[in-house]
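> no sequence for this one, just the structure:
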């Protein structure tokens, strides 16, 4: 007998960061996310949820003894955001003060803009493009 599957509503990654104030400013000021929720024990930011459109991400202040080093946390992790136009995203982020390489079209038809956050997490803003057909 097959069980009815419960719908999943959302996936929101949690990134452990060394300087949450700096990282949240990068995501908000540099990437255009909005701070939606935060937790500030003892008046200091320790966790937050950031959103832009249908994308959300959570940041949490890392405890190196528990969460590992920056290199360990970022190894093998990449975040791919589907957007309307990676080139327009590039222009927006450059106008926000980020220094970036322009997006490039990968062999599989995705126009991709890569960004590294302050902790080294790799972010990719991408859109599908029509690939020329070989004749």
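Nice, thanks for sending it over. Computed from a predicted structure; not experimentally measured.
> Would you mark the buried spots in the longest helix along the chain?
Longest helix in the chain, counting residues (DSSP state H): helix 86-95. Neighbour-count burial for helix 86-95 flags 86, 89-90, 93 (criterion: 16 or more other CB atoms under 10 Å). Placement of C-beta: from N, CA and C, glycine included.
> And the contacts of stretch 42-58?
Applying CB atoms under 8 Å, 6 or more residues apart in numbering, the external contacts of stretch 42-58 come out as 10, 12-15, 20-21, 24, 27-28, 31-40, 59-61, 79, 81.
> if we go to 6 Å?
Here stretch 42-58 makes contact (CB atoms under 6 Å, 6 or more residues apart in numbering) with 12-14, 20-21, 24, 27, 32-39, 59-61, 81.
> Quick check: helices, which of the residues you listed are part of them?
Using DSSP H, the contacts of stretch 42-58 in helices are 20-21, 24.
> Quick one: those as a markdown table, columns for neighbour count, distance to residue 118 and pLDDT too.
Below are the ones in helices among the contacts of stretch 42-58 laid out as a markdown table (neighbours: other CB atoms under 10 Å; distance: CB to CB, whole Å; pLDDT from 0 to 100):
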| residue | neighbour count | distance to residue 118 | pLDDT |
| --- | --- | --- | --- |
| 20 | 22 | 10 | 97 |
| 21 | 13 | 10 | 97 |
| 24 | 19 | 10 | 98 |
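> Show me the shaky parts of this structure.
Confidence mapping of the chain against pLDDT under 70 gives the ranges 134-135.
> quick one, strands of it?
Along the chain, counting by DSSP state E, strands occupy 14-17, 34-39, 47-52, 55-61, 78-82, 104-105, 110-116, 122-128.
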